[in-house]
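# My questions are about this predicted structure, shown below with the sequence.
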Amino acid sequence: MAAAALAPYAACEQQSRGRRYLEAPARFRGEYQRDRDRIVHSTAFRRLVYKTQVFVNHEGDLYRTRLTHSLEVAQIARTVAVALELNEALTEAICLAHDLGHTPFGHAGQDELNACMRDFGGFEHNLQSLRVVDELEAKYADFPGLNLMFETREGILKHCSVKNARQLGDVGERFLQRRQPGLEGQLANIADAIAYNNHDVDDGFRAGLLSLEQLCEQELFAEQYENVHARYPTLEDRRLIYEIIRRMIDTVVTDLIENTRRNLAAAQPGSIEDVRSAPGELVMLSTEIYERHTALKRFLNQHLYSHEKKLAMTRQAKLIVRELFLAYSGDIQCMPEEFCNRARPLDAAGRARVVADYIAGMTDRYAIAEHERITGC
Ligand code: MG
């Protein structure tokens, strides 16, 4: 099968900065396809199914988990990648890997682990995703991690402090030089926000935490509500919401494609290097849609992520993460042998990092079970 045409500004294998450990080329796959396959086969990827997106995994079988979120991000981004003649396999690989470093219990877990690690360099899930693919996955005989292509790693590392960037070598350079990632990485980042903005409306409504009246205060939603309601006046809520959401996704994705095309036409990048040295990112929503998209994000922050029912879960999640951290830091032998052996020869900061790696890798239910085992409650 012939490969899809790539625009000159797309990432391509021939101009890649390659893998950290040299490998023979794959016979039947492209190198970015190989990256995607390695991500799908990773242990961290399988665990995403039991990790919170917004709702804790056991709260209901119908809510998004971090796995289905990652799949939705990938499918949104692939459509845009094909429309813009970007590298679809690379885009998919970045999207599927973007949350591999996420802790159990979503942002509550990440924030608490970051607080626990304050004296030891902090914890950031995005940086942890890179750590998972570079170091923590132990599967291959010849190298640590998944040994992914540079462009995949570049896309996974969405943001990074200058201090951390200095320690990351090649993939940290752009944060010191204020350069951009390739377009596939830029796209994965926006597709992430498009996916959660929309699926969280769906989950929030289903959970009874958001009402139609509240949602209709949002321009993006209200516009599509009117369209759907005019055409199907008797539609029941469940189908009404989905018809609105699919139209909202279409509106934002169409805008992203059209606006990015305009940016590309104006900037005329002739290669991925031109993209990297451009003064700003090129994969962007128009100002008008960006404002509506951001307003919806603010609305979800205020009414869903900060809902009293969510906050009760947040408090419990933070308590679990903190008590696990204290227990393992106090006695590294509470961790499985593999982590205990890694921690033993290290100083306090090194040990704390191993504890953070162990906790970050946990699923929600494993963290709950471990907490019960250790504290007896
Ligand atoms: Mg995400």
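Structure's in. What do you need?
# Would you mind listing what in the stretch 201-350 of the chain touches the ion?
Taking Cβ under 5 Å from the ion, no part of the stretch 201-350 of the chain reaches the ion. The way it works is simple: take the backbone N, C-alpha and C, and place the C-beta from them, glycine included.
# Helices of the stretch 1-150 of the chain, start to end?
Using DSSP state H, counting those that start in this stretch, the helices of the stretch 1-150 of the chain run over 31-40, 43-47, 66-83, 88-97, 106-116, 125-131, 150-156.
# Which one, of those, ends up nearest to the ion?
Closest to the ion of the helices of the stretch 1-150 of the chain, according to Cβ to the ion: helix 66-83, at 5.7 Å.
# what's the average pLDDT for that closest one?
Across helix 66-83, pLDDT averages out at 97.
# Convert the C-alpha atoms of that helix to PDB, please.
The C-alpha trace of helix 66-83 is given here as PDB (Å, rounded to 0.1, in the frame of the first residue of the first chain):
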ATOM      1  CA  ARG A  66      -7.600   7.600  30.400                       C
ATOM      2  CA  LEU A  67      -7.500   4.900  27.700                       C
ATOM      3  CA  THR A  68     -10.600   5.800  25.900                       C
ATOM      4  CA  HIS A  69      -9.600   9.500  26.200                       C
ATOM      5  CA  SER A  70      -6.300   8.700  24.500                       C
ATOM      6  CA  LEU A  71      -8.100   6.900  21.700                       C
ATOM      7  CA  GLU A  72     -10.500   9.800  21.200                       C
ATOM      8  CA  VAL A  73      -7.500  12.200  21.100                       C
ATOM      9  CA  ALA A  74      -5.800  10.000  18.500                       C
ATOM     10  CA  GLN A  75      -8.900   9.700  16.200                       C
ATOM     11  CA  ILE A  76      -9.500  13.400  16.300                       C
ATOM     12  CA  ALA A  77      -5.800  14.200  15.500                       C
ATOM     13  CA  ARG A  78      -5.600  11.600  12.700                       C
ATOM     14  CA  THR A  79      -8.400  13.200  10.800                       C
ATOM     15  CA  VAL A  80      -6.600  16.600  11.000                       C
ATOM     16  CA  ALA A  81      -3.300  15.000  10.200                       C
ATOM     17  CA  VAL A  82      -4.600  13.500   7.000                       C
ATOM     18  CA  ALA A  83      -6.400  16.700   6.000                       C
END
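# how far off helix 88-97 does that helix point, in degrees?
Using axes from the mean of the first three to the mean of the last three Cα atoms, to 10 degrees, one finds that helix 66-83 and helix 88-97 are set 160 degrees apart in direction.
# Next up, the contacts around Leu304.
Residues near Leu304 by Cβ atoms under 8 Å, 6 or more residues apart in numbering: 54, 200, 204, 209-210, 310.
# one more time with 6 Å, if that's ok
By Cβ atoms under 6 Å, 6 or more residues apart in numbering, Leu304 lies in contact with 204, 209-210.
# okay, now the closest residue in space to it that isn't next to it in sequence: neighbour count?
Nearest non-adjacent residue to Leu304, counting by Cβ to Cβ, 6 or more residues apart in numbering: Gly204, 4.3 Å away. By other Cβ atoms under 10 Å, 24 other residues sit near Gly204.
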